[in-house]
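In: please find the sequence and the predicted model below.
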Amino acid sequence: MAEIKEIVFNEETKVDHVKAPWEDELKPGDFVSYSPSYVNGEGRKLFDKLVYPCDVTGDITYYLFNPIKHGASVDGKYPLMVWIHGFNCADGINAVGHSGGEQFALPSYQEAIGGGAYILVPVANEKWVDGKMEGDWSEKYFEPLANIIRGIKNDNKNISKTLISGGSSGGWMSWIMAEKYTELFDICVPIASGYVPAKVELDRMADSGLITFVMHGRRDELCSFDEHILPRIDDLENMKNCTLYFPEWVKNGDGGVASLNFGFEMGQHCLINQVQANLIYTDGTPYDDRLPNGFTGWVKSQL
């Protein structure tokens, strides 16, 4: 078996301008884009660092944005947005960005949601041991994560609805948590997930009132759309209160086809970057005509 090496996601290991395997499929006028339109870092200082004691997984660090601490009215009602990072993205406070949640703490996003939102970013205890990842998201985290969410909702009585979202293995966790703890969630947004619950579970969740927004790039390099989504597309299309977003190309805010190389191409897998850009291009047009006000507008419409 080939040795499994640690994948480190940072600016030093990122390689731009390496020809992507799909580049020859671009149409005339298309171009490759190597950077998202938003800037990470500014929102991270707005999160409080907290720890949930846990013997099963080891203590779980999580980051919480409280809108009231940052100017929202104490008399308001605000959703709780739970953002789950993907595999090998548990990099301390940087997970706030990797998860997709950071931009939603910024004032413009908070206002667009309807005046504010709590944002929770839990962090898995990931580490590489002898070339193998240990401590990444697994069934051991299900109940502890549910308890963290319960605790936040209990401590903050002004939370209205609860949304859970994430990309890649964070998308898997989003589906699983909504499936196992349906009573905790009102909205589920799985992104680039290799898992879709069984039809009977989809129907049960929909009947409970759960709203879903399933996103997956059709050219995903790491989680094949044809393998994981296409066989289940009828079930998803027939699910009540379910919006589907399956773009032909994942693009950055400048309109270019997204390329991201960390020793292998994964730009089309990182649909979470589009969500952090609020599904609105830098020229103000939406990624999808059904979402004229972007992802924040969609969230606001569900509250």
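Out: Noted; the coordinates are in hand. Numbers count the residues shown, from 1 in each chain.

In: buried ones in the lengthiest helix in the chain?
Out: In the chain, taking DSSP state H as the definition, the longest helix is helix 142-155. Along helix 142-155, these residues count as buried under the neighbour rule (16 or more other CB atoms under 10 Å): Phe142, Pro144, Leu145, Ile148, Ile149, Ile152. No exception for glycine: its C-beta is placed from N, CA and C like everyone else's.

In: got the contact list for the residue nearest to Leu222 when sequence neighbours are not counted?
Out: Excluding its sequence neighbours, the residue lying closest to Leu222 (CB to CB, 6 or more residues apart in numbering) is His269, at 4.3 Å. Each residue near His269 by CB atoms under 8 Å, 6 or more residues apart in numbering is listed here: Ser168, Ala192, Gly217, Asp220, Glu221, Leu222, Cys223, Val250, Leu260.

In: quick check: the two most widely separated of those residues?
Out: Cys223 and Leu260 (14.2 Å; CB to CB).

In: so which bits of stretch 202-214 are buried?
Out: Applying 16+ other CB under 10 Å to stretch 202-214 flags Leu202, Met205, Ala206, Leu210, Ile211, Thr212, Phe213, Val214 as buried.

In: no wait, stretch 283-301
Out: Quick answer for stretch 283-301 (16+ other CB under 10 Å): Pro286, Tyr287, Leu291, Gly294, Phe295, Thr296, Gly297, Trp298, Val299, Lys300.

In: gap between the residue nearest the centre of the chain and Pro21?
Out: Note on the chain: the residue nearest the mean C-alpha position is Gly166, at 2.4 Å, using CA atoms, centre = their mean. From Gly166 across to Pro21, the span is 25 Å (CB to CB, to the nearest Å).

In: the buried residues of stretch 283-301 into a markdown table, with extra columns for pLDDT, secondary structure and distance to Tyr52?
Out: Below are the buried residues of stretch 283-301 laid out as a markdown table (pLDDT from 0 to 100; DSSP: H, G, I helix; E, B strand; the rest coil; distance: CB to CB, whole Å):
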| residue | pLDDT | secondary structure | distance to Tyr52 |
| --- | --- | --- | --- |
| Pro286 | 98 | strand | 37 |
| Tyr287 | 98 | coil | 35 |
| Leu291 | 97 | coil | 34 |
| Gly294 | 97 | helix | 32 |
| Phe295 | 97 | helix | 28 |
| Thr296 | 98 | helix | 28 |
| Gly297 | 97 | helix | 32 |
| Trp298 | 97 | helix | 30 |
| Val299 | 97 | helix | 25 |
| Lys300 | 96 | helix | 29 |
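
In: which two from those residues end up farthest apart in space?
Out: Largest pairwise distance in the buried residues of stretch 283-301, by CB to CB, is 16.8 Å, between Tyr287 and Lys300.

In: now do the SS call for Glu11.
Out: Counting by DSSP: H, G, I helix; E, B strand; the rest coil, the backbone at Glu11 sits in coil.

In: how about Leu244?
Out: Strictly by three-state DSSP, Leu244 counts as strand.

In: without its sequence neighbours, what residue ends up closest to it?
Out: Nearest to Leu244 is Val214, by CB to CB, 6+ apart, at 5.3 Å.

In: try Gly167
Out: In space, Gly167 is closest to Ile272, 3.4 Å off (CB to CB, 6+ apart).

In: what's around that neighbour, how many residues?
Out: 27 (other CB atoms under 10 Å).

In: repeat that for the one 3 residues further on.
Out: Other residues within reach of Val275 by the criterion other CB under 10 Å amount to 25.

In: thanks a lot, see you next time.
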